[in-house]
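Engineer: any chance you could fold what I've pasted below:
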Amino acid sequence: MSKQPSPVIRPARPDDRDSVEAVVHAAYSIYVDRIGKPPGPMLDNYTARIADGSVSVVEDRTGNIAGIIVIIPYSDHLLLDNVAVRPEYQGQGFGRVLIEFAEREAEKLGYSRIRLYTHEMMTENIDLYRRIVFVESGRVQQDGYDRVFMAKDLESKRPG
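Structural biologist: Got it, this is the predicted structure:
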């Protein structure tokens, strides 16, 4: 039995914009009622994000975009700005593959820390990030959202 090919992660291209936005809207629409407005990622300018090289996509084995990641380098950390996976692909490891990609990119760029934030009402996300060794570093109301800030020291993921 042959092993299935690994998902392909590649930089998003300008012609991916509609697909990127569709992934984000599909992934985050469940939170609109819960938080009372569209989550921040639904309002992002993906034309600009793609142009500045911040967006990568993960494709399934047939070339369909299953998820996206937005990572932004800062002076002392890499910001995992957005991870979104289409609902029909959730639970299949695409999110994990994207987060591992962010960790590899951070290490390539010389960072020892990844930071992220999520809305405090997105409790599933907070639980997930805690399971993969992100530690809460604060809660702040920012841009009209109640955000939970988290960080992961990359050295801490290695045994020994």
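Engineer: buried ones in the longest helix along the chain?
Structural biologist: Using DSSP state H, we find that the single longest helix of the chain is helix 94-108. Within helix 94-108, the residues that count as buried by 16 or more other Cβ atoms under 10 Å are 94-95, 97-99, 101-103, 105-106. For every residue, glycine as well, the C-beta is placed using N, CA and C.
Engineer: Throw those residues into CSV and include pLDDT and distance to D143, thanks.
Structural biologist: Shown next, in CSV, are those (pLDDT from 0 to 100; distance: Cβ to Cβ, whole Å):
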residue, pLDDT, distance to D143
F94, 94, 27
G95, 92, 24
V97, 94, 29
L98, 95, 24
I99, 94, 23
F101, 96, 26
A102, 96, 22
E103, 94, 26
E105, 95, 25
A106, 95, 24
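Engineer: pull the contacting residues for the residue nearest the centre of the chain.
Structural biologist: Centroid check for the chain by Cα atoms, centre = their mean gives V83 as the closest residue, at 1.8 Å. Residues near V83 by Cβ atoms under 8 Å, 6 or more residues apart in numbering: 67-70, 95, 98-99, 102.
Engineer: farthest-separated two in the residues you listed?
Structural biologist: Taking every pair in the contacts of V83 and measuring Cβ to Cβ, the maximum separation is 13.4 Å, between V70 and G95.
Engineer: ok, and for the following helix or strand past the longest helix of the chain, which residues are buried?
Structural biologist: Later in the chain than helix 94-108, the nearest helix or strand by DSSP states H and E is strand 113-119. By 16+ other Cβ under 10 Å, the buried positions in strand 113-119 come out as 114-119.
Engineer: so for the helix or strand where R34 lies, what gets flagged as buried?
Structural biologist: Using DSSP H and E, R34 maps to helix 32-35. Buried residues in helix 32-35, counting neighbours by 16+ other Cβ under 10 Å, are found at I35.
Engineer: can you tell me what sits against that helix?
Structural biologist: 38-39, 42, 119, 121-122, 145.
Engineer: for V70, what are its contacts?
Structural biologist: V70 neighbours (Cβ under 8 Å, 6+ apart): 41, 44, 49, 54-55, 80-83.
Engineer: any idea how far it lies from L116?
Structural biologist: From V70 over to L116 the distance is 10 Å, taken as Cβ to Cβ, to the nearest Å.
Engineer: now I68, what are its backbone angles?
Structural biologist: Torsion angles at I68 (phi, psi; degrees, to the nearest 10) stand at phi -140, psi 160.
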